[in-house]
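> Everything below, folded, please.
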Amino acid sequence: MDKLKKVLSGQDTEDRSGLSEVVEASSLSWGTRIKGFIACFAIGILCSLLGTFLLWVPRKGLHLFAVFYTFGNIASIGSTIFLMGPLKQLKRMFEPTRLIATIMVLLCFALTLCSAFWWHNKGLALIFCILQSLALTWYSLSFIPFARDAVKKCFAVCLA
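Numbers count the residues shown, from 1 in each chain. Model (predicted):
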């Protein structure tokens with residue numbers, strides 16, 4: 001368990017610079033990090049659900065849906081900042097193994113909001129939200145060892 005705490009909090013690296021010592025000195029306790037993660041993740045889920053329910057509000061439903069759904073997903077991704085810290089989270093997001101997934105997630109966030117506010121196209125906003133969910137799932141699977149390979153093999157077997 002201690003090894004997991006060290007890896008998630010970014011203390012597992014041997015490269016100790018002055019900046020990492022400053023970050024560690026001002027970091028939150030492990031219990032506070034877990035509480036922050038759970039709270040932020042729960043807020044993200046609630047916002048996404050609220051956005052889904054607000055889709056059916058006349059006139060302003062599309063705008064509310066796009067904002068709440070996207071904000072909920074951003075909060076859910078942002079919750080892991082409590083576990084790893086902001087710098088390590090950004091570094092891991094843009095590692096070569098998950099670079100395409102990260103770009104797809106960010107692109108889907110932007111396109112969901114554009115389709116709601118600029119293009120006023122409800123169908124397109126729904127399509128981008130579905131793509132947003134798929135991209136987030138693929139991004140999340142990149143943190144689990146061999147999960148992407150398992151999903152690929154399952155689809156290959158199902159489609160064969």
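> Low-confidence stretches in the protein?
For the chain, the stretches with pLDDT under 70 are 1-26.
> Could you say which helix or strand holds the one residue sitting closest to the centre of it?
Nearest to the geometric centre of the chain sits residue 77, at 2.6 Å (CA atoms, centre = their mean). Using DSSP states H and E, residue 77 falls within helix 61-78.
> Can you list the helices and strands that the next helix or strand after that helix packs against?
Sequence order places helix 80-84 as the next helix or strand after helix 61-78, per DSSP H and E. On a contact count with 3 or more CB pairs under 8 Å, 6 or more residues apart in numbering; DSSP states H and E, helix 80-84 meets helix 2-9, helix 30-54, helix 86-93. From N, CA and C alone the C-beta is placed, and that goes for glycine too.
> cutoff 6 Å now
helix 30-54 (3 or more CB pairs under 6 Å, 6 or more residues apart in numbering; DSSP states H and E).
> Let me know the angle separating the helix it packs on from helix 61-78.
Orientation of helix 30-54 against helix 61-78 (axes from the mean of the first three to the mean of the last three CA atoms, to 10 degrees) gives an angle of 160 degrees.
> quick revisit: quick one: the residue nearest to the centre of the chain and residue 111, what's the gap?
16 Å (CB to CB, to the nearest Å).
> What residues of the helix or strand harbouring residue 102 count as buried?
Using DSSP H and E, residue 102 sits within helix 99-117. Residues 101, 102, 104, 105, 106, 108, 109, 111, 112, 113, 115, 116 are the ones in helix 99-117 that count as buried (16 or more other CB atoms under 10 Å).
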